[in-house]
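In: Build me a model:
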Amino acid sequence: MESKLSLSEFRTRLRNNTEIGSLNAQLNLFRIFPRFGGIKPFYGLFDDKSFRLTLNSPTSPTYFTIRGKYKNVDNVLKISYIIEPNSKFQLLWVRFFPVVCLIAINVFFLFFGRGLRKASTIVSLFLLILIFYSRWKEERKWKKLEKKFISIFEIKKG
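Out: Predicted structure coming up:
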């Protein structure tokens, strides 16, 4: 993909919009309480040829990372990036833990809570809603990350 920005403008926007830090650092005091001013939209690392960014959100964890490279070809900035899970375990936990809970609670009610059919129905419906919500929220975070990246760095798709 191409960006409307020049190489120097792209690097300047990377510096201005990225709080520098390792994506592996989970609970750093500077991560929870930003040092100065407003929070920058991205958090991660970058150099002269590549970047690895995620949304900068001290309150809500982000499960996705934008990893990519950029180079100047014939005075046009070419950017190649992919959005990938930050941690496979974290992504699996969000996707499948509600399903495992749904199965476990229904098995519990099946064997031990014979008189609690209404309660099992309510709990099952709640867990089904939780399953669909977690998948929806995961997809929304993916799209939000890509949309913010494309708008800040003025990337033309196609």
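In: now the strands: where do they sit in the protein?
Out: 2-3, 18-20, 42-46, 50-55, 64-73, 76-85, 155-156 (DSSP state E).
In: Contacts only, for the residue lying closest to residue 148 once chain neighbours are set aside.
Out: With sequence-adjacent residues excluded and distances taken as Cβ to Cβ, 6 or more residues apart in numbering, residue 148 is closest to residue 41, at 5.8 Å. In this view, the C-beta of every residue, glycine as well, is placed from N, C-alpha and C. By Cβ atoms under 8 Å, 6 or more residues apart in numbering, the residues touching residue 41 are 17, 55-56, 148, 152.
In: Check residue 85 too.
Out: 63-65, 91.
In: Could you report the neighbour count for the closest residue to residue 46 other than its chain neighbours?
Out: The spatially closest residue to residue 46, leaving aside those adjacent along the chain, is residue 14, at 5.1 Å (Cβ to Cβ, 6+ apart). By the measure other Cβ atoms under 10 Å, the count of residues near residue 14 is 18.
In: gap between residue 14 and residue 47?
Out: When distance is defined by Cβ to Cβ, to the nearest Å, residue 14 is 10 Å away from residue 47.
In: Likewise for residue 62?
Out: Plainly put, residue 62 is 21 Å away from residue 47 if you go by Cβ to Cβ.
In: So between the two, which is more surrounded?
Out: residue 62 (18 against 10).
In: hang on, that one packs against residue 142?
Out: No - using Cβ atoms under 8 Å, residue 62 makes no contact with residue 142, being 9.5 Å away.
In: Give me the mean pLDDT for the longest helix out of those in the chain.
Out: Of all segments of type helix in the chain, defined using DSSP state H, the longest is helix 117-152. For helix 117-152, the mean pLDDT works out to 88.
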